[in-house]
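1. Predicted model follows, preceded by the sequence.
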Amino acid sequence: MTDRDTAFADYFAARSDAMRRTAYLLCGDWHRAEDLVQVTFTKLYLAWQRITRHDALDAYARKTLVRTFLSERRLGWFRKESVSDEPADIPITKAGPEDRMVLQEALKQVPPGQRAVLVLRYWEDMSVDETAGTLNCSTGTVKSQAARGLQTLRDLLTDQMTPTFDRKRIS
(Lines give C-alpha, C1' and ligand atoms only; values in the text may rest on other atoms or scores of the structure.)
Protein backbone atom coordinates (compact mmCIF):
# COMPACT_ATOMS: atom_id res chain seq x y z
CA MET A 1 0.00 0.00 0.00
CA THR A 2 1.37 3.40 -0.96
CA ASP A 3 1.41 6.49 1.23
CA ARG A 4 -1.45 7.86 -0.88
CA ASP A 5 -3.55 4.76 -0.25
CA THR A 6 -2.75 4.78 3.46
CA ALA A 7 -3.71 8.44 3.80
CA PHE A 8 -6.95 7.85 1.92
CA ALA A 9 -7.78 4.74 3.97
CA ASP A 10 -7.20 6.70 7.19
CA TYR A 11 -9.45 9.51 6.00
CA PHE A 12 -12.14 7.05 4.92
CA ALA A 13 -12.05 5.27 8.27
CA ALA A 14 -12.33 8.55 10.15
CA ARG A 15 -15.11 10.19 8.10
CA SER A 16 -17.23 7.51 6.42
CA ASP A 17 -19.74 7.16 9.28
CA ALA A 18 -20.38 10.90 9.45
CA MET A 19 -20.73 11.04 5.66
CA ARG A 20 -23.18 8.15 5.76
CA ARG A 21 -25.35 9.96 8.32
CA THR A 22 -25.33 13.12 6.21
CA ALA A 23 -26.18 11.11 3.09
CA TYR A 24 -29.07 9.48 4.95
CA LEU A 25 -30.48 12.87 5.86
CA LEU A 26 -30.27 13.88 2.21
CA CYS A 27 -31.91 10.81 0.70
CA GLY A 28 -33.82 9.19 3.58
CA ASP A 29 -32.71 5.65 2.78
CA TRP A 30 -29.75 3.86 4.41
CA HIS A 31 -29.02 1.70 1.37
CA ARG A 32 -29.03 4.68 -0.96
CA ALA A 33 -26.93 6.62 1.56
CA GLU A 34 -24.33 3.84 1.33
CA ASP A 35 -24.35 4.18 -2.46
CA LEU A 36 -23.97 7.95 -2.29
CA VAL A 37 -21.05 7.65 0.13
CA GLN A 38 -19.41 5.02 -2.05
CA VAL A 39 -19.67 7.23 -5.14
CA THR A 40 -18.42 10.22 -3.14
CA PHE A 41 -15.36 8.40 -1.81
CA THR A 42 -14.64 6.94 -5.25
CA LYS A 43 -14.60 10.46 -6.70
CA LEU A 44 -12.48 11.63 -3.78
CA TYR A 45 -9.98 8.81 -4.31
CA LEU A 46 -9.68 9.62 -8.00
CA ALA A 47 -8.94 13.26 -7.15
CA TRP A 48 -6.73 12.45 -4.14
CA GLN A 49 -3.42 13.30 -5.83
CA ARG A 50 -4.76 16.62 -7.12
CA ILE A 51 -5.97 17.72 -3.69
CA THR A 52 -3.34 19.93 -2.15
CA ARG A 53 -5.26 21.27 0.84
CA HIS A 54 -5.93 18.23 2.98
CA ASP A 55 -7.23 20.56 5.70
CA ALA A 56 -10.25 21.21 3.46
CA LEU A 57 -11.06 17.56 2.76
CA ASP A 58 -14.27 17.55 4.78
CA ALA A 59 -15.68 20.48 2.83
CA TYR A 60 -14.61 18.92 -0.48
CA ALA A 61 -16.12 15.53 0.41
CA ARG A 62 -19.36 17.12 1.67
CA LYS A 63 -19.65 19.19 -1.51
CA THR A 64 -19.09 16.08 -3.63
CA LEU A 65 -21.72 14.17 -1.63
CA VAL A 66 -24.36 16.88 -2.01
CA ARG A 67 -23.63 17.35 -5.71
CA THR A 68 -23.84 13.59 -6.30
CA PHE A 69 -27.20 13.49 -4.51
CA LEU A 70 -28.59 16.45 -6.46
CA SER A 71 -27.21 15.15 -9.75
CA GLU A 72 -28.89 11.78 -9.30
CA ARG A 73 -32.19 13.50 -8.51
CA ARG A 74 -31.96 15.69 -11.62
CA LEU A 75 -31.05 12.80 -13.90
CA GLY A 76 -33.86 10.64 -12.55
CA TRP A 77 -31.41 7.90 -11.62
CA PHE A 78 -33.21 7.11 -8.42
CA ARG A 79 -36.84 6.09 -8.62
CA LYS A 80 -38.91 3.98 -6.31
CA GLU A 81 -40.32 0.98 -8.08
CA SER A 82 -43.21 -0.89 -6.52
CA VAL A 83 -42.86 -4.65 -6.70
CA SER A 84 -45.99 -5.40 -4.70
CA ASP A 85 -49.42 -3.94 -4.05
CA GLU A 86 -48.56 -3.07 -0.46
CA PRO A 87 -47.28 0.43 0.29
CA ALA A 88 -43.53 0.45 0.92
CA ASP A 89 -43.37 3.58 3.03
CA ILE A 90 -45.77 3.99 5.90
CA PRO A 91 -45.53 7.51 7.33
CA ILE A 92 -45.06 7.89 11.05
CA THR A 93 -47.99 9.82 12.49
CA LYS A 94 -47.59 9.58 16.26
CA ALA A 95 -45.74 12.02 18.43
CA GLY A 96 -43.66 10.93 21.39
CA PRO A 97 -40.26 9.29 21.73
CA GLU A 98 -40.06 8.71 18.00
CA ASP A 99 -40.00 12.44 17.17
CA ARG A 100 -36.64 12.05 15.46
CA MET A 101 -38.05 9.43 13.13
CA VAL A 102 -41.02 11.67 12.35
CA LEU A 103 -38.63 14.49 11.50
CA GLN A 104 -36.58 12.22 9.24
CA GLU A 105 -39.71 11.04 7.44
CA ALA A 106 -40.79 14.65 6.90
CA LEU A 107 -37.30 15.57 5.69
CA LYS A 108 -37.59 12.90 2.99
CA GLN A 109 -40.56 14.80 1.55
CA VAL A 110 -38.76 18.14 1.30
CA PRO A 111 -37.58 18.90 -2.26
CA PRO A 112 -33.92 17.91 -2.82
CA GLY A 113 -32.50 21.43 -3.16
CA GLN A 114 -34.20 22.63 0.01
CA ARG A 115 -33.23 19.41 1.79
CA ALA A 116 -29.58 19.89 0.82
CA VAL A 117 -29.63 23.41 2.28
CA LEU A 118 -31.34 22.24 5.49
CA VAL A 119 -28.89 19.37 6.00
CA LEU A 120 -25.84 21.55 5.40
CA ARG A 121 -27.09 24.51 7.46
CA TYR A 122 -28.65 22.71 10.42
CA TRP A 123 -27.12 19.22 10.51
CA GLU A 124 -23.61 20.06 9.33
CA ASP A 125 -23.85 23.46 11.09
CA MET A 126 -22.43 25.34 8.12
CA SER A 127 -22.78 29.09 7.73
CA VAL A 128 -24.81 30.63 4.91
CA ASP A 129 -21.58 31.48 3.06
CA GLU A 130 -20.16 27.96 3.48
CA THR A 131 -23.44 26.42 2.31
CA ALA A 132 -23.53 28.72 -0.72
CA GLY A 133 -19.96 27.74 -1.56
CA THR A 134 -20.72 24.04 -1.24
CA LEU A 135 -23.83 24.27 -3.41
CA ASN A 136 -22.26 26.77 -5.81
CA CYS A 137 -25.09 29.27 -5.43
CA SER A 138 -25.66 32.70 -3.92
CA THR A 139 -26.21 33.37 -0.24
CA GLY A 140 -29.67 34.69 -1.11
CA THR A 141 -30.54 31.34 -2.65
CA VAL A 142 -29.36 29.55 0.50
CA LYS A 143 -31.48 31.84 2.68
CA SER A 144 -34.61 31.47 0.55
CA GLN A 145 -34.19 27.69 0.21
CA ALA A 146 -33.67 27.38 3.97
CA ALA A 147 -36.79 29.44 4.66
CA ARG A 148 -38.86 27.43 2.17
CA GLY A 149 -37.46 24.13 3.45
CA LEU A 150 -38.21 25.01 7.07
CA GLN A 151 -41.75 26.05 6.11
CA THR A 152 -42.23 22.80 4.20
CA LEU A 153 -41.03 20.87 7.25
CA ARG A 154 -43.36 22.83 9.52
CA ASP A 155 -46.31 22.11 7.23
CA LEU A 156 -45.45 18.42 7.00
CA LEU A 157 -44.93 18.10 10.74
CA THR A 158 -48.14 19.95 11.53
CA ASP A 159 -49.99 17.46 9.33
CA GLN A 160 -48.20 14.43 10.83
CA MET A 161 -48.03 15.29 14.51
CA THR A 162 -50.98 14.55 16.74
CA PRO A 163 -51.28 16.42 20.02
CA THR A 164 -50.21 14.34 23.00
CA PHE A 165 -52.28 16.38 25.43
CA ASP A 166 -55.80 17.71 25.68
CA ARG A 167 -55.72 21.44 24.97
CA LYS A 168 -59.05 22.00 26.80
CA ARG A 169 -57.57 20.83 30.10
CA ILE A 170 -54.74 23.35 29.86
CA SER A 171 -57.02 26.36 29.22
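-> Perfect, thanks for sending it. Residues are numbered from 1 along each chain as shown.

2. Leaving aside the residues adjacent along the chain, what's closest to Leu36?
-> Excluding the flanking residues, the one nearest Leu36 by CB to CB, 6 or more residues apart in numbering is Ala23, at 4.2 Å. Glycine gets a C-beta too; all of them are placed from N, C-alpha and C.

3. Okay, domains of this protein per the record?
-> Structural domains of the chain, as assigned by automatic domain parsing, span the residue ranges 1-78, 94-163.

4. export those domains to a markdown table and tack on mean neighbour count?
-> Formatted as a markdown table, those follow (neighbours: other CB atoms under 10 Å):
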| stretch | mean neighbour count |
| --- | --- |
| domain 1-78 | 15 |
| domain 94-163 | 16 |
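
5. Look up how far Asp5 lies from the residue positioned nearest the centre of the chain.
-> With distances taken as CA atoms, centre = their mean, the residue of the chain nearest its centroid is Leu26 (2.2 Å). Distance from Leu26 to Asp5, counting by CB to CB, to the nearest Å: 28 Å.

6. Walking through the protein, point out its helices one by one.
-> Listed in chain order, the helices of the chain (DSSP state H) span 3-27, 30-47, 57-75, 99-108, 112-118, 128-135, 139-160, 167-170.

7. In TSV: these, plus mean pLDDT.
-> Shown next, in TSV, are the helices of the chain (pLDDT from 0 to 100):
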stretch	mean pLDDT
helix 3-27	91
helix 30-47	92
helix 57-75	86
helix 99-108	83
helix 112-118	92
helix 128-135	92
helix 139-160	88
helix 167-170	44
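
8. Now Leu153. Nearest residue, chain neighbours left out?
-> Distances taken as CB to CB, 6+ apart place Ala106 nearest to Leu153, at 5.5 Å, with adjacent residues excluded.

9. I'd like the distance between that neighbour and Arg21.
-> Separation of Ala106 from Arg21 (CB to CB): 17 Å.

10. With Arg50 instead?
-> 27 Å.

11. Surely Gly113 is in contact with Leu70?
-> Yes. Applying CB atoms under 8 Å, one finds Gly113 in contact with Leu70, separated by 6.9 Å.

12. How much space separates the residue nearest to Leu36 from Gly149?
-> Applying CB to CB, the value for Ala23 to Gly149 is 17 Å.

13. ok, now Leu156?
-> Counting by CB to CB, the gap from Leu156 to Gly149 is 10 Å.
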